[in-house]
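**Student:** here is my input; please provide its structure:
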Amino acid sequence: MSSEAKRAAGAAIRKSVAAQEIRFPRLFRFDEIEAMPRIAFSEGVAAGTFISRERDGARYYSQGISFHAPAAKDVVWQATSWDEAFYCIDGTIHIVATDADDVNVEFSLEAGEYFWAPAGYRYTVKSTGVEAKVLLTTSPQMLSGWRYTGDDESYSDVLIGMRRLRSDR
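**Tutor:** Got it, this is the predicted structure:
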């Protein structure tokens, strides 16, 4: 797909989302986050996005928790549009960062450790045989939210459906 076609597709998606003020301060509790609908990144790895453009009107970043089963399949993606960060809440994950010359650098992320994943690399998250929970942050937030990433469009629609307007608080 050409750059112009990608921009046109993104503009059409943005136009399809109704504009409304859904931004207000609030507290999130882990049980609420854990119950969020999840998007699967691979077999055994799924994330619940609790702050997003779709649901919260987030302007600059998206946040969620990814849940990793002990025998999860690898998650592989090319980070081209945004930076990401991971904070390991519980367990251990293994991350392989691959640069444009196919040089790999490997990291083991333990509970309490933070990893920054800047755009421009291919990343692979590998299972370590133990269950893990990882806080994930993406930035900048795409204007169209999760749809722009090629992820399951129904996940974006679920987040939109969860909007809470100021009058609903």
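
**Student:** what stretches of this structure score poorly on pLDDT?
**Tutor:** 1, 14, 17-21, 141-153, 164-169 (pLDDT under 70).

**Student:** which stretches of it form strands?
**Tutor:** Secondary structure of the chain (DSSP state E): strands at 38-42, 45-51, 62-68, 75-78, 83-90, 92-98, 104-110, 114-117, 122-126, 132-139.

**Student:** now mean neighbour count too, for those, in CSV please.
**Tutor:** All C-beta atoms are positioned from the backbone trio N, CA, C, and that covers glycine. Converted to CSV, those look like this (neighbours: other CB atoms under 10 Å):
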stretch, mean neighbour count
strand 38-42, 18
strand 45-51, 21
strand 62-68, 23
strand 75-78, 15
strand 83-90, 17
strand 92-98, 18
strand 104-110, 13
strand 114-117, 15
strand 122-126, 19
strand 132-139, 20
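
**Student:** please tell me how far Y121 sits from V76.
**Tutor:** Applying CB to CB, to the nearest Å, the value for Y121 to V76 is 11 Å.

**Student:** lovely, talk soon.
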